[in-house]
Every structure is written in C-alpha cells, then in structure tokens.
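>>> Requesting a structural model of the entry that follows:
(one chain, ligands or ions: 1)
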Amino acid sequence: MKRKIILGIVCGMAAINGFAADEAIFTCRVGDFTVHLLVENQGQGNPSILLGASKDALNRYIPGGTYRSEVNTVLVRGPDRTLLIDTGFGGRIFDHLKTLGVDPGQVDAVLLTHMHGDHIGGLQKGGNAMFPRASVYLAQQEKAYWTETAANHGAVAALAPYGSRVHTFLPKAIGAGEELFPGVRAIAAFGHTPGHTIYQIESNGQKLLVWGDLMHVEDIQFPLPAVSVSYDTDPQAAGIVRKQILDYAAQNRIPIAGMHLRYPAAGGVTADGAGYRFSPLN
Ligand SMILES: [Zn+2]
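Numbering: from 1, shown residues only. Purely as a prediction, here's the structure:
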C-alpha cells in the first residue's frame, strides 16, 4: 500500500477504503471529508491545441510530440452530504461509484466547474437524471452562456431533467468566496469558459483546491502558465487566472486536484522561476 502525507493531507491508492490500486481511484482525506478522484478516461493529447507555445518550448516540454491526457471527476463525501464535482462523460464514473459503494441516488449535489461535455456528460441519459435526488450547482454566468447565449443543445439537455433543482450562484475571487456548503467554497476562475468555477474543500484546517480545467497540459502549463488552449473561450483571461490560482496554491501551500491532470491528478505546487513545479501525490 502506498500512502503519503503532503501539505497536511493524507492520500493513498488502496488502503484508505480497500479498493484496488490500479489507476482508477485515488483518495485523500481532507479533515472530515473523504475526497475520491475518479478517472473517467485516459488518452493521448495533441499539442496543436496549445496557444502561444514556441517551438523551443514544445521541443523541451513535450519532446515526444504527444502527451498523456486524462479526464477526471471528484467525489466528496462529508459528514452531512455526498457531493460530486463534475460528472465526466458519463462512462466509468458509474463503475467507480459502484466500487465505492455509492448509489447515484445518494449523491446530494453535483457541483459543476463548467459545461463542457467531458464535465456534464454524466448528468442525464435519455432525458433521465442519472443522479435522481441531486441538486445541480453552477455559476450563473456559466448557465447563462451555454443555455442562452450559445443555446448549446447538450448543455440544455444536461440540466433539463433537474428542473427546479438547478441552482446558480455568483462565484467570487479567490480568498473572498462564500461557502456553498459548510467546508465547500466556490471560486471564480473565468477564462476557460465564461463561468468556469473551482471549488475549495476545507475541514479542520486542511484544504484541497479542486481546480477543474484551470490546466489541460500539465507538462507545459506548469512551467509556462501563460500558455492557453484553443478551446478556452478567453485564452488570455484563462492565462491570467491560472497564474493567480497557481500563486495562491503555492503561497498558501494548498494541495490541488485537476480534471485533466494525470493520475493521481493531485499534488502540491511550488514556484519555480517564472513558472511552477508540480509534485504529484503518489
Ligand atoms: Zn475539460
């Protein structure tokens, strides 16, 4: 069994809840919360999505011309409620929940970082809510953009079965956000999408920042945080907020988890020259 304490939180692959130590689920204790990172999908990414990366930088940080990419979701089990942050495509997540002994009907709330398909794909199937008791929470700007401005069919369909159980909020800047639930704070990180939101889990002085899509290609965006990706709706804003959140995590020694970081998809951030270094938890 592998177990590690970093920045005050205890994480491990197998021992904490007795599940298999393959690259599928990674678990961290954050005070009274148990946080499970669930791997939805692993694949190879194409660096052509990167904006503003020089040829030299690509050769240096992605010498093979491709990088391993991942899609993750995060389950947060607290003393009072069970929360899911994003749903992935709606594939392996349901197997992982079964492995953990969590029925989708036990999920009290789904918190969305944003409304791209790899984050909302598990909300509905055939017009039915896959989390039949859950409320859905997302930034007001995010809902308005995808369901009204862009009138995106997938986004509209994802929320439809939840009806009046869809709740919006206005996320505040990091350090100022109010709690959505005890110990769970929503923080504005706009840029990747107009309402992209990250969530900070906090209990008994321990913290974990679940940063959604603040970063897509860790090999190059930690050392060069100004590099954005072609599917950021505002690449420049995405770069600015990425630097801001990286600074916050590094200065306050808060561990982070991301939806497109590689397994175990969580770790510590330290400043390194003009960029940052990432130390994964495994
Ligand atoms: Zn994504």
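>>> So what's the residue count around the closest residue to residue 233 other than its chain neighbours?
In space, and not counting its chain neighbours, residue 233 is closest to residue 193: 5.4 Å by CB to CB, 6 or more residues apart in numbering. C-beta: built from backbone N, CA, C; applies to glycine. Applying other CB atoms under 10 Å, we find 26 residues neighbouring residue 193.
>>> how far away is residue 193 from the ion?
9 Å (CB to the ion, to the nearest Å).
>>> Double-check that residue against residue 142; I have them as touching.
Yes: using CB atoms under 8 Å, residue 193 is in contact with residue 142, at 6.2 Å.
>>> for the stretch 151-282 of the chain, what spans make up the helices?
Here the stretch 151-282 of the chain has its helices, by DSSP state H, counting those that start in this stretch, at 153-159, 218-221, 235-252.
>>> Kindly export the last one (C-alpha atoms) in PDB.
I take that to be helix 235-252. Extracted C-alpha coordinates of helix 235-252, given in PDB (Å, rounded to 0.1, in the frame of the first residue of the first chain):
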ATOM      1  CA  PRO A 235      -7.400  32.300 -23.600                       C
ATOM      2  CA  GLN A 236      -5.800  35.500 -22.200                       C
ATOM      3  CA  ALA A 237      -8.100  35.600 -19.200                       C
ATOM      4  CA  ALA A 238      -7.500  31.800 -18.700                       C
ATOM      5  CA  GLY A 239      -3.800  32.500 -18.500                       C
ATOM      6  CA  ILE A 240      -4.200  35.300 -16.000                       C
ATOM      7  CA  VAL A 241      -6.400  33.400 -13.700                       C
ATOM      8  CA  ARG A 242      -4.200  30.300 -14.000                       C
ATOM      9  CA  LYS A 243      -1.200  32.300 -12.700                       C
ATOM     10  CA  GLN A 244      -3.300  33.800  -9.900                       C
ATOM     11  CA  ILE A 245      -4.600  30.400  -8.700                       C
ATOM     12  CA  LEU A 246      -1.100  28.800  -9.000                       C
ATOM     13  CA  ASP A 247       0.300  31.700  -6.900                       C
ATOM     14  CA  TYR A 248      -2.400  31.200  -4.300                       C
ATOM     15  CA  ALA A 249      -1.800  27.400  -4.100                       C
ATOM     16  CA  ALA A 250       1.900  27.800  -3.900                       C
ATOM     17  CA  GLN A 251       2.000  30.600  -1.400                       C
ATOM     18  CA  ASN A 252      -0.600  29.100   0.900                       C
END
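>>> helices or strands next to it in the packing?
Applying 3 or more CB pairs under 8 Å, 6 or more residues apart in numbering; DSSP states H and E, one finds that helix 235-252 contacts strand 206-210, strand 228-229, strand 266-272.
>>> Could you list the low-confidence segments of the protein?
1-8, 12-22, 282 (pLDDT under 70).
>>> What residues does it have near the ion?
Proximity of the chain to the ion (CB under 5 Å from the ion) is limited to residues 116, 118, 213.
>>> Of these, keep whichever come out buried.
116, 118, 213 (16 or more other CB atoms under 10 Å).
>>> How many neighbouring residues does the closest residue to the last one other than its chain neighbours have?
Nearest non-adjacent residue to residue 213, counting by CB to CB, 6+ apart: residue 192, 4.7 Å away. Residue 192 has 26 neighbouring residues, counting by other CB under 10 Å.
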